[in-house]
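Novice: sequence-free structure coming up:
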C-alpha cells in the first residue's frame with residue numbers, strides 16, 4: 001500500500017516503514033504526527049485519487065529526529081565590476097518514519 005501526501009509545499013510517495021525527510025515540523029522527537037492532506041492512495045489493485053484530497057484518509061508517522069541539511073553555497077559575480085558575493089544556507093528538516101496508512 002502507498003499514499004501520496006502533501007506537507008511543506010512538497011508531495012511525497014510513502015509506504016509503511018519508510019523514513020522520510022520533510023520540512024521542519026514543530027513537534028518534539030518521539031511524538032506522533034498525522035498527515036491529513038492525502039492526495040492519492042493505492043494498494044496495487046485499487047487507486048483512490050482525491051479532488052484535491054481523499055476524504056477521511058490519513059497517514060500516521062513518528063518523528064525520529066530534527067536536523068539540518070548539508071551546506072549549500074551560492075556565489076554571485078559580476079565581471080569588470082569587482083563584485084563578489086558568497087552566501088551559505090542550511091535547511092532544517094524533520095526525519096519521520098511512516099507507521100500506517102488509513103483509507104478512511
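Specialist: Nice, thanks for sending it over. The model shown is predicted, which means the values in this text are computed figures rather than measured ones. Numbering: from 1, shown residues only.

Novice: all strands of this structure, in order?
Specialist: Under the criterion DSSP state E, strands of the chain are mapped to 2-7, 10-14, 19-23, 32-35, 38-42, 47-49, 58-68, 72-78, 83-89, 92-102.

Novice: For these, could you give me CSV that also reports mean neighbour count and mean pLDDT?
Specialist: (Each C-beta comes from the backbone N, C-alpha and C, glycine too.) Putting the strands of the chain into CSV (neighbours: other C-beta atoms under 10 Å; pLDDT from 0 to 100) gives the following:
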stretch, mean neighbour count, mean pLDDT
strand 2-7, 20, 95
strand 10-14, 15, 96
strand 19-23, 14, 96
strand 32-35, 15, 96
strand 38-42, 20, 94
strand 47-49, 13, 91
strand 58-68, 16, 96
strand 72-78, 9, 97
strand 83-89, 9, 97
strand 92-102, 17, 96
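
Novice: Looking at residue 46 now. What's its pLDDT?
Specialist: The model reports residue 46 with a pLDDT of 89.

Novice: Can you give me the distance of it to residue 71?
Specialist: Residue 46 sits 44 Å away from residue 71, taking C-beta to C-beta, to the nearest Å as the criterion.

Novice: Can you tell me how far the residue nearest in space to the middle of the chain is from residue 44?
Specialist: What sits nearest the mean C-alpha location of the chain, by C-alpha atoms, centre = their mean, is residue 22, with 3.0 Å. Residue 22 sits 25 Å away from residue 44, going by C-beta to C-beta.

Novice: ok so, going back, would you agree the residue nearest to the centre of the chain is in contact with residue 97?
Specialist: No. Counting by C-beta atoms under 8 Å, residue 22 sits too far from residue 97 to count as a contact (11.4 Å).

Novice: show me the contacts for the residue nearest to the centre of the chain.
Specialist: The neighbours of residue 22, taking C-beta atoms under 8 Å, 6 or more residues apart in numbering as the test, are 7, 8, 10, 12, 93, 94, 96.
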